[in-house]
Structures are given as C-alpha cells and as structure tokens.
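>>> let me see the structure of the following:
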Amino acid sequence: MAEFNNLENFKKSVINSVGILFLVKLILLPISGLVNIILARLLEPIHFGIYGILSVIIYTTYDICDLGLVAFAVQTKDELNLNEYRTVFTLKLILSIIGFIILWLISTFLINLFHLSKETQIAMKLLSLVILIEPISSISRVILQRKLLYKKIAFLDTINLLSFYLVVIILAYYHFEVWSFILAGLISVIITNILYIITSPWNFGLNLNTEVAKRALKFGSFFQLSNVIKMVREYTTAILGGIIFGPKAVGYLSWADNLTSKIATTFTQEVNRVTFPAISRIQTDKKAVSLFFSKAVYYLLLLTSPLIFMLFALSYETIIIIFKPKWLPALPALIAFGFVVLAGHFIYIGENLLKGLGQVKKASLITGLWTITLWLIIPFTKKWLGYNSIAFAWMISSFLSTILIINTVNKYHPLDLKPILYILFSSAFSAFLISLLKNIITINIYTLIILYILGILGYILILFIIKHTQIYGELKNLLKLLLSSYRDI
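Okay, here's the model as predicted:
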C-alpha cells in the first residue's frame, strides 16, 4: 500500500473511485437505455446475434493474448520500473500480433462453425484490428489503475461509450445493419486508445527482461487460466447459441442478457473494476479486505435488487410498449438472466477479491466449476427449452456458484445474510404488488413509467418498515460517502 499513507487515505481513494464511477454511470444510464431502445427498434435480432458472435471471437482472442500481463502489472506490490513496464508491453504486443495472425488464418473455419455468411468474414477481419490497437494503451491503463485514478478512467470510458453510441445510431439509421456495430466499435477503440496515451503518458519502448518475463508469465498463466475459463462461461450464449441454434437465437439471448445486465452494471461493473486493484493494495490487511467485501455486496443488492424485480413484474408490458413485440421470444431468457444478475454480485466481487489477494488458483477453481456446471446443464435441457436452455443453465449454475463463493469468502469474514434477505424480500413483495396493480389499470407508456416509480417507492417503504433504523443509517452513510467523493471531482 505504498501509494497511500494510511488506511484512511486508501479508504478515501476507493470511495472516490467508486463514487466517481457511479456518478458517471448514473448520468449515462438514461442515454444507454435510450440507445438500446433505438437500436432494438432499428435493427433485427439477427444483427445483434451476428455482432455478438463476432465480438466474442475478437475479444476472446485479445483476452487470451493478454495472458494476465496487465493483471500482473496491477497486482504487483512494488512499483514497476521503466524496463519492467517495457517488458510487459513487449510481451503483450508480441502475443497480440500472434493472435491476430492466427485469427485471420482460421477465419473461414470460424465463419462456418457459427453458421455465418461469407460477407461476415470481412467484418470479422476488420474488427480484429482491435487486437492490434488495444495493447498500445495497456501500460497507460495499468498506471491509472495502480494509482486508483478512476476520475480519469471514468472520463475516458465515457468518451469511448459516447463515441460508440453516436456512430452506431447514425449507421443503423442509414441501414448499415451489422456494420453499424463493427465500424462503431473500431472507431471508439481508436479514439479511446489515443486519449489514454495522452492522459497517462509513459516512456514507450521495447524490452525483454527474462527475469521479469518469467515472473509475469508465471502469475499471468494462473490468472489467465481463470480468465479463459471465465470467458468461456461469459461467452456461452454466443458460442453454444451460435453453434447449436444460430445467430438469431444469439440475438434474442444477447438482448435479454444485455437488458438485465445494463440495470445492474450501473453499479456492479464499477465496484468490480475497483475491487481487484483496491484489494491488491490492501491485501495484507484482513480487516480492511473483509469490510470491503461485505459492504460491497450489501450496497449492490440494496441498489439493484428492486430494479431487477420490477423488471420481472413488468417485463411483458415493457417489451410490447418499448421494444416492439418482435422481442417477446426473449421473455423467458430475460427472467432467467435477471436472477443471474442478483447472484453475480456475490460471485464477481468474491472472485476479484481472491485475485487481489493473489489466490488466483482458488478463483480459477470457482470459475471453472461455474463454467463446467453451466455447460453440463445445457445439453440436458435443450430438447425441452430450446435456446432458452442456455438462459436456464445460467440461472441454475449461478445459484450453485453463489453458495460456493459465500462459503469461500466466509473464511475471511463471517457473513450475516439477514440484511440481504430483508432487501430481497422487500424487492420481491413490492414487485408482487405492482404485478397485481397492473391488471386493474390500462397499460400505456405513461402508466408503465408510473408503475416502475411506484414499485421503487414501495420497495423503499417496505424496507423501512422492516428495518427502518438500520436501513436509514446505511443509506445516510452511503449518501455521505458518495457526496464526499463527488465534491472531489
């Protein structure tokens, strides 16, 4: 924890980081929601499916080529010197070039495997340039993460997102179909990498220190094993969905997954991003580690569970009125992925905590069991559930992994699940009341918005009735922490 004078300074840095990222996400949330609605109305499910498959191929290749090198640079206790940074950069660049070449050589095989058209092969090759572009700013990202400078990271990621949204909407409007995603992704990556280099400059250069390379690859191999298993799991929808059911099914599943995850990632993604570098800085302080995990999970459920349960209660009406009836086949998957989001709070925070402590083998084991369970369930249920078997398998395997991660993390800090149960009950009961109310009123865009608002207010009221003193204190403390971070922006 050399970058911070004491635990209080570290705590402030973490709070500021999460607070800034939360604020940015909250500002971008309505923009993101509007963009998703526009694209869902302009494009067809198959376009989402094709892009989903291509992005999985490209970003899986890129992540594999990273080989945990960035994580090694972030997790290392002592600051790396210039030659060590250059060694990490050189290794990453070499691996990225190799991955890019291999991807081009097997592009025809991949196109046939996922039942895509020959024209799609050109799109895949163009998007694969991302593999060569992303490494350029890798060390700049490492430096910002090590210093927990998430104010700058949030700004750069916002530029990346807004540039993608602007380009994809314009191209979709002019009927570029799946090319809307491809070109938007490529342009936003170029812009973001340039800005990262400008914001966090370092003395570029190539170097290959064998001792540093061995250390990096030793740590990275276990770290990346966990990541590869995680990627196989995270991309199950595109991989198995594309191979077994085709790109249209991937479109339905990806849309349902994205809609539910968008709600949660307003909060969860930013906590997950901060968890690994934050735990890496305080890995010797068990008390601080335990406090970080318990509070992170509690606050995430406090904020996200009512949103998920309200979506459950009004999912049919939301699809019909906002996204058009063409998306109704994705309704069962929408419900299943909603439960995955709730379980993911425990799993992802716990997994990043273990990695931050350097226990990558444990993290790999948990990730591996989750992935194996997911892939085993799908073949046994696809006959009855069709492509929705993938969403069902996600839900069941997530519940099992949640139990495992709770038992593992409990070794560091005994978890009191009662506050979490209060939150889940209040969310579910409020959603139940709204599901009754919607049957006695006429549903249109205005009444739908009112029902969502009433559901959230009902959740707050029920929660306060059950545990008013504790919840009031928790919300007050959370508000103070976030406001204090925003004053530093």
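
>>> low-scoring stretches of the stretch 101-250 of the chain, by residue?
Low-confidence segments of the stretch 101-250 of the chain (pLDDT under 70): 148, 150, 218-227, 229-230.

>>> what number of residues lie near the closest residue in space to residue 242 that isn't next to it in sequence?
Distances taken as CB to CB, 6 or more residues apart in numbering place residue 114 nearest to residue 242, at 4.1 Å, with adjacent residues excluded. Where C-beta positions appear, they are placed from N, C-alpha and C, glycine not excepted. Using other CB atoms under 10 Å, residue 114 is surrounded by 23 other residues.

>>> show me what contacts residue 114?
Contact analysis of residue 114 by CB atoms under 8 Å, 6 or more residues apart in numbering lists 53, 242-243, 247.

>>> which elements pack onto the helix or strand that contains residue 131?
Element membership for residue 131 (DSSP states H and E) is helix 130-133. Applying 3 or more CB pairs under 8 Å, 6 or more residues apart in numbering; DSSP states H and E, we find helix 130-133 packed against helix 45-66, helix 82-105, helix 179-199.

>>> buried deepest among the ones you listed, which one?
Of all these, helix 45-66 carries the top mean neighbour count, a mean of 23, counting by mean count of other CB atoms under 10 Å.

>>> put the alpha carbons of it into PDB.
What follows is helix 45-66, C-alpha atoms only, in PDB (Å, rounded to 0.1, in the frame of the first residue of the first chain):
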ATOM      1  CA  PRO A  45     -32.400  -9.800 -33.600                       C
ATOM      2  CA  ILE A  46     -30.100 -11.400 -36.200                       C
ATOM      3  CA  HIS A  47     -28.000  -8.300 -36.400                       C
ATOM      4  CA  PHE A  48     -27.500  -8.400 -32.600                       C
ATOM      5  CA  GLY A  49     -26.700 -12.100 -32.900                       C
ATOM      6  CA  ILE A  50     -24.000 -11.700 -35.600                       C
ATOM      7  CA  TYR A  51     -22.300  -8.900 -33.800                       C
ATOM      8  CA  GLY A  52     -22.500 -10.800 -30.500                       C
ATOM      9  CA  ILE A  53     -20.700 -13.800 -32.100                       C
ATOM     10  CA  LEU A  54     -18.100 -11.700 -33.800                       C
ATOM     11  CA  SER A  55     -17.300  -9.600 -30.700                       C
ATOM     12  CA  VAL A  56     -16.900 -12.900 -28.700                       C
ATOM     13  CA  ILE A  57     -14.400 -14.200 -31.300                       C
ATOM     14  CA  ILE A  58     -12.400 -10.900 -31.400                       C
ATOM     15  CA  TYR A  59     -12.300 -10.100 -27.700                       C
ATOM     16  CA  THR A  60     -11.700 -13.700 -26.600                       C
ATOM     17  CA  THR A  61      -8.700 -13.700 -28.800                       C
ATOM     18  CA  TYR A  62      -7.500 -10.400 -27.400                       C
ATOM     19  CA  ASP A  63      -8.000 -11.500 -23.800                       C
ATOM     20  CA  ILE A  64      -6.200 -14.800 -24.300                       C
ATOM     21  CA  CYS A  65      -3.300 -12.900 -25.800                       C
ATOM     22  CA  ASP A  66      -3.100 -10.700 -22.800                       C
END
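
>>> farthest-apart pair in the contacts of residue 114, please.
Farthest pair in these (CB to CB) is 243 and 247. Separation: 10.5 Å.
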